[in-house]
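K.L.:
Would you be able to build a 3D model of this:
(chains A, B, C and D)
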Amino acid sequence: MNLEEYLPILVFVGAGVFIATVFVALAFIRGHRTVYDDKIAPYECGFDAFNTGRIRFDIRYYLVAILFVLFDLEVALLFPWAVTFLELGWSAFAGVFSFLFILLIGFIYEWKKGALEWD
Amino acid sequence: MIDPFHINILSILVFVIAAMGILISMNNLIKVFLCIELMFLAVSINFIAYAYAAHNIDGHVFTVFLLTVAAAESAVGLGILVFYFRRRSVISVADATVLKG
Amino acid sequence: MIMAAAVLWIPLIGSCVAGLISFFNQRTMDDVAKLVTCMCMGVSALVALDLAYDVIIAKKIVHGEMLSWIPLDDHHKITWGLYVDSLSAIMAAVVTCVSFMVHIYSLGYMKGDKSIARFMSYLSLFTFFMLFLVMSDDLLQLFLGWEGVGLSSYLLIGFWFHKDSANAASMKAFITNRIGDMGMVLGIVGCIAVFDSVSIPEILLKLTTFDEAFFRLTDHLTINAYTFICISFLIGAMAKSAQFGLHVWLPDAMEGPTPVSALIHAATMVTAGVFLLIRLSFLFEYAPSVKTAIVVIGAITALFAAVVGLFQKDIKRVIAYSTCSQLGYMFMACGVSMYSAALFHLVTHAFFKALLFLSAGSVIHAMSGEQNMRKMGGLYKHIPVTYALVWIGSLALAGIPLFAGYYSKDWILESLYGYAMDGGSIIPYIIGLSSAFLTAFYSWRLISLVFHGDCKADERVQSHIHEAPMIMLIPKVILAVGAVFSGIALVGFFTSSQLISGAYVFTEIEHHIPGLIQVLPIMVALSGIALAVSVYHTQRNKLAIWLVRFKRASAIIQSGFAVDEFYRKAFIKPLQWLGSFLYHHIEKGLIDRYGPNGFALFISRLSGALRYLQTGNVRDYAIVMIAGLMGMLGYVVVVIK
Amino acid sequence: MIELIKPILPEMILFFGACLVLLLDVFQKFVDHLMNLSSVLLVLCIVAIVLGVPDGVYYHNLCVISMFTGLFKIALLTLALFQFLATSFLMDKYALNKNEHSVMVLFLIVGACVMVSANHLMLLYVGMEIQALAAYTLVVMQRKSEYSAEAGVKYFILGSLASVLYLLGASYLYGAYNTLYLHEIITAIKAGSTLGGLGSILVVSAFLFKVGLFPFHQWVPDVYQGAPTPSTSIISTLSKVTAVAVVLKLICGLFYDNKSLDTRWIFSAIAILSMIVGAVVPIVQTHMKRFLGYSSIGHAGFMLMGIVNIHVVGVSSIIAYVLIYSLTLMMTLICLMSLKDKREPDEERNDLELSKLGGLSQVRPKHAFMLAVCFLSMAGMPPLIGFFPKLLILQYIINQGQMLLTVFAIITTVISLFYYLKIIKLMYIDMPTKQSIGISVNVNMRLLWVFIPAVIIQLLGCYIPILQTIYVQYVTPAAETLIIGTNEKIYS
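P.N.:
Numbers count the residues shown, from 1 in each chain, chains lettered A, B, ... in the order given. Okay, here's the model as predicted:
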């Protein structure tokens, strides 16, 4: 196994851990702390934090989930293009943008239909 | 050495698990959809294994498309689920037998 | 040709017009229907007489083709043809004339009947079919006419279809005639097999070149083809002409209106059998054994019917049995090859028997529908014209000199005597004489019972007794003229001329007839009359005692020697049982139950069962899908190479 | 640029047109005219196909244009056009957005066209999904109906299962032959391998599901019944025509002259069992659409007989059968749609109870006549057009010596004649009841513009030469491209 190829990732992970630790530590040390009821109350998307997991969610969460899944995963189609767009040239560019245009139409449709409104 | 045949067996195992999952979890549509997604993934494993073994890019491309199309399909599925829930107030299809005979 | 076609088709036009009027139930048009049918019939009769004159005097044969019917190939084609030789011409003339008379008579007799248009239509239709029969040039067309007259007869017997007895009688006539029709079909098929043709002239032509032909039934059993064909046709003729054995329908057919009895069951249709024998005489000459059979059958029928006729109560049945008996005479004449005599008797018989029937109709009309002679009597005062006409008819029937029947019957008896002299049996002659005696006896029995003595009807009926209207009398008078003069006028013609030129081999043998034999029939007839008159006018009490003493015998005879009863027990009952068995146990119980109905039941059960496979549950659907797929995949794994 | 997209111009027109209709609907512009716009799009698409590129393969063998694809695409578009023209004024009676409905139909056709043209397993899959997702959406369009929801869920679960089976089969084919191009697979499969055999059966099964054949048939009656009638009409005709096209393409490709795998017994069994289900079960049905669903299973089985032995004659008979049957079924459903009252969605179910048709000939003589003609045509009564494809297929299988199939075909046809005649008896002999009078419709003159051509088409069977011309000029060449032309002509 040629593990040297994965060295940048190791560096990246190390840097990430370092920076995160630094920021948390700074906030902990230098932070201004006041405690009041609302602040210390457990918060979980409007649900009671200490409860069984088998509760009913509002159906609207699913709607958001649907939209998220769609727009999230369609991006997966962009990755192969993104890593090779220089070699592929303008025709691939046109293809990808027509794909994005179709997604845009979908987005306009869902916006106008009010799917993004909570109520 | 691992060859596509072994991956094939893995994918079949996953596929069968998913199929059994569909059959036994009819009382929860979400689980059914999960199992269907699992089946997609089992097939994806197959494609990637064959593509890797044959050094052929088509399998990888298919997998990417498969994932996105599966996403679209599950979106439609969830839409139908929401609709179904609004009409029935349950997400079980085990007793959905208004249409029969 | 055009004349012949006119004779044939004009009655059909009348029938169609009347039929349409009847079909659309236009009561107001009834007069039109009557007028049209009678006019058509009259025209047809006139043309037929002219045609007969042409054909007989000028000795020319009209033979032409109207339409192509079944073109098989160049050599085999069946056409609608017309073939009028002297035989056909005479038959056509008789049929149209009698029919015309009956048409006119019906106007009076059926007056007030609400479906008179239908009646007139049927009568004309019958006439058309009868003409079709006698004028046809091939056997298939003849068969069509044969069936057509059967159909018309069925329709007319059952004309009063609200009467159960009429319906039963019409069916009896039709079904009995089926047996004859089967014979006809066999005969035609036999002709096709032997001669490769159904055309009568062609068969005649080929017959002279053929020697003998055989039908192989099994390996060892063969039958002479001519014998077979002739037996088949004989069966057909027997059924139509009500010969003994197949006569049972004729007395019952009297359920129809009396004009029908006169036209169909006395003058014309029943003689179709005799016509067939004469038409195919050339064939019968090749089958001598069948000719013997014809003589036997004719003799039996003549005697049997005369005996049964003695004991009948119903006036129409007496005449019906008399018809049967006279047809027996004609058969005997055919059997001894005296076809001219048979035809002559056919013609004269048509006149006097029609006259008798129409007179009987008048009597019934006068008696308000009563047909039982025991309830009549003394009518000569009230209906003198009819009385006179019955006398004329009876004298002609009995064969009293100068009246028509004498010449023809005498000729037949002489022929029978000649047959005996030629080495044949004497028995037919004796039977002929006995029958002549019985004929005279029952004729005068009828006259005595109906017209003399005291009237036994109730007051209401008596008060209604009246002479028939003019429109019913005139046809009878015309027929009476025929009954008197047709014999004397035509005797010379029939005895002298070679009637049907070339159509059959006519063996005219001059016999020396002793003087005694010439006088014998007259004496026998006169003695029959004398006996009847003496018995019914002076010895009636004694007769009654005798009848009581031999009550059972007379009852049997009255029922026609229980032939009907015999048929019922021997054929109808077992067949009914068999039919019922087949219907209930084989058809219903086996075929229907396990066949169509069973299959239908199975399918609907299967349907009900299969619908439960559709549970509505998605899981089950998925299981079925996956199981089916597994089956297919398993098959692939097994069979793939 | 235009040369680049020319081969898929018809699909492009439909797709972007559909997007346009969708946006116009959502922005509330020209709402009343959008169905007409959709019809115009269909016409444009037909024109684009007729004037389109010459036969051949395009986009690096991804896409095939041939007589076969052209015939099926035009048939699909014509059927949809027929439905749009006939029902645009009837759609208001249904509790659904008619513009979204037509958009979904357009998307469905896009997917169908992709499927028909596809020469690549991935493209075939994408087309199938576009078509299937549109179909699922069509089923659940009627938002207030419980039946619609249940039918949608069932259709979705089983349909997803079918597409997963397709994917599994595709992966096996890919593993066996290292290619996803159909023509390469077809060439390679003659060698025979277990993996390839399993893959081919799995791939075909997915489309047998779409056609609704025996082990995969159970969704058919439920979905037909639960879906709103306009959607039923689309699914039962467009979806089925497409699926039959793909089945023909796949079977002719994968199993023609395939010495290694004899599939005759499989398809004979499927055909016989489908015919039995389609003949027997409808007898006890009481709901019109359910009844039609079951009978369509029988018809699918009848069609499949034509391909048990693969031959040009059989394939062209199947093409003729599916086109004529779909047209007849669509006419029937349009007629039923026009009988509908304006009611709550769930009550529509009751509107289509068979008993409601009692004495229809007295209440609505035109509708009764139309329905009777359609049913007799489906049953295969000689003067009507439905007789001829049945005759062709029977003739074919008899010539092929398939006596078992022949016997079953004849028996089941006779049984099916019984239930078709039962409905005609219901309409013509029975008296109207209190229920049947409830069926009322504003007799629109436009309906006659549908009925008269429909009856004329049905009666085309009286004038055989025109049928013969169409059959010889278009259908048989289409079948020939499928069998003879697949490899030698196009890919050389």
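K.L.:
give the contact list for the residue of the stretch 151-300 of chain C found nearest chain D.
P.N.:
Closest approach between the stretch 151-300 of chain C and chain D, counting by CB to the nearest CB: residue C:161, at 29.0 Å. For the C-beta atoms, the positions are set from N, CA and C on the backbone; glycine is no exception. Residues near residue C:161 by CB atoms under 8 Å, 6 or more residues apart in numbering or on different chains: residue C:167.
K.L.:
From chain B, how far out is it?
P.N.:
52 Å (CB to the nearest CB, to the nearest Å).
K.L.:
With residue C:122 instead?
P.N.:
For residue C:122, the distance to chain B - CB to the nearest CB - is 59 Å.
K.L.:
Let me know whether that residue touches residue C:153 as I believe.
P.N.:
No. Contact criterion CB atoms under 8 Å: residue C:122 and residue C:153 do not qualify, at 9.4 Å.
K.L.:
what residues are shared contacts of these two?
P.N.:
With CB under 8 Å, 6+ apart, residue C:122 and residue C:153 have no common neighbours.
K.L.:
before we move on, back to that, so the residue of the stretch 151-300 of chain C closest to chain D belongs to a strand, correct?
P.N.:
No. Looking at residue C:161 with DSSP: H, G, I helix; E, B strand; the rest coil, it is coil, so not inside a strand.
K.L.:
pLDDT score assigned to it?
P.N.:
For residue C:161, the pLDDT comes out at 87.
K.L.:
in chain A, which helix or strand is least confident?
P.N.:
helix A:37-40 (a mean of 74; mean pLDDT, DSSP states H and E).
K.L.:
For the residue of the stretch 151-300 of chain C closest to chain D, grab phi and psi.
P.N.:
phi -70, psi -10 (degrees, to the nearest 10).
K.L.:
Pull the contacting residues for the nearest residue to residue D:354 once chain neighbours are set aside.
P.N.:
Leaving out its chain neighbours, the residue that sits closest to residue D:354 by CB to CB, 6 or more residues apart in numbering or on different chains is residue D:286, at 5.2 Å. Residue D:286 makes contact with D:353-355 under the criterion CB under 8 Å, 6+ apart.
K.L.:
possible to save those residues as TSV with pLDDT?
P.N.:
Listed next are the contacts of residue D:286 as TSV, based on pLDDT from 0 to 100:
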residue	pLDDT
D:353	81
D:354	83
D:355	81
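K.L.:
How far does stretch B:94-101 sit from its chain's centre?
P.N.:
23 Å (CA atoms, centre = their mean, to the nearest Å).
K.L.:
picking that back up, quick check: the gap between the residue nearest to residue D:354 and residue C:32.
P.N.:
57 Å (CB to CB, to the nearest Å).
K.L.:
can I get the contacts of residue D:286 in TSV with secondary structure and distance to residue D:67?
P.N.:
Listed next are the contacts of residue D:286 as TSV, based on DSSP: H, G, I helix; E, B strand; the rest coil; distance: CB to CB, whole Å:
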residue	secondary structure	distance to residue D:67
D:353	strand	44
D:354	helix	41
D:355	helix	46
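K.L.:
just checking, what packs against the least confident helix or strand of chain A?
P.N.:
Contacting helix A:37-40 under the criterion 3 or more CB pairs under 8 Å, 6 or more residues apart in numbering or on different chains; DSSP states H and E is no other helix or strand.
K.L.:
what's the distance between that helix and the middle of its chain?
P.N.:
27 Å.
K.L.:
Now residue D:72. Nearest residue, chain neighbours left out?
P.N.:
Using CB to CB, 6+ apart, the nearest residue to residue D:72 is residue D:245, at 4.5 Å.
K.L.:
That neighbour: neighbour count?
P.N.:
Neighbourhood size, residue D:245 [other CB atoms under 10 Å in any protein chain shown]: 27.
K.L.:
Please tell me how far whichever strand or helix holds it is from the chain's geometric centre.
P.N.:
Applying DSSP states H and E as the criterion places residue D:245 in helix D:240-255. Relative to the chain's own centre, helix D:240-255 is displaced by 12 Å; criterion: CA atoms, centre = their mean.
K.L.:
So the closest residue to chain C within chain B: helix, strand or coil?
P.N.:
Nearest residue of chain B to chain C: residue B:100, at 2.6 Å (CB to the nearest CB). Using three-state DSSP, the structure places residue B:100 in coil.
K.L.:
Residues of chain B that sit close to chain C?
P.N.:
B:19, B:22-23, B:26, B:93-94, B:96-101 (CB under 8 Å from any CB of the partner chain).
K.L.:
Just the buried ones among these, please.
P.N.:
B:19, B:22-23, B:26, B:93, B:96-101 (16 or more other CB atoms under 10 Å in any protein chain shown).
K.L.:
Is any residue of the longest helix along chain B near chain D?
P.N.:
Of all the segments of type helix in chain B, defined by DSSP state H, the longest one is helix B:58-88. Yes. Contact between helix B:58-88 and chain D, assessed by CB under 8 Å from any CB, occurs at B:58-59, B:61-62, B:65-66, B:69, B:72-73, B:76-77, B:79-81, B:83-84, B:86-88.
K.L.:
Quick check: buried residues in that helix?
P.N.:
Neighbour-count burial for helix B:58-88 [16+ other CB under 10 Å]: B:58-59, B:62-84, B:87-88.
K.L.:
Spit out the contact partners of the residue nearest the centre of chain B.
P.N.:
Centroid-nearest residue in chain B, with CA atoms, centre = their mean: residue B:36, separated by 2.3 Å. Taking CB under 8 Å, 6+ apart as the criterion, residue B:36 is in contact with B:18, B:22, B:73-74, B:77, D:157, D:160-161, D:164.
K.L.:
Give me the three-state assignment for it.
P.N.:
Three-state call for residue B:36 (three-state DSSP): helix.
K.L.:
What's the separation between it and residue D:131?
P.N.:
18 Å.
K.L.:
What is the neighbour count of the residue of chain A found nearest chain C?
P.N.:
Closest contact between chain A and chain C, by CB to the nearest CB, is at residue A:62 (20.1 Å). Neighbour count for residue A:62, taken as other CB under 10 Å: 16.
K.L.:
which parts of the host helix or strand of it are buried?
P.N.:
Using DSSP H and E, the element containing residue A:62 is helix A:59-74. Buried residues in helix A:59-74, counted by 16+ other CB under 10 Å: A:62-63, A:66-67, A:69-70, A:73-74.
K.L.:
Just the closest of those to chain B, please.
P.N.:
Nearest to chain B among these: residue A:73, at 3.5 Å, using CB to the nearest CB.
K.L.:
Do you know the pLDDT at that closest one?
P.N.:
Confidence score, pLDDT, at residue A:73: 79.
K.L.:
residues touching it, list them.
P.N.:
With CB under 8 Å, 6+ apart, residue A:73 has these contacts: B:67-68, B:71.
K.L.:
for residue A:79, same thing?
P.N.:
So residue A:79 contacts residue B:64 (CB under 8 Å, 6+ apart).
K.L.:
That one belongs to a helix, doesn't it?
P.N.:
Yes. Counting by three-state DSSP, residue A:79 is found in a helix.
K.L.:
mind checking pLDDT for it?
P.N.:
85.
K.L.:
Skipping its backbone neighbours, what lies nearest the residue nearest the centre of chain A in space?
P.N.:
Closest to where the C-alpha atoms of chain A average out (CA atoms, centre = their mean) is residue A:72, at 8.3 Å. Leaving aside its sequence neighbours, residue A:72 sits nearest to residue B:71 (CB to CB, 6+ apart; 7.6 Å).
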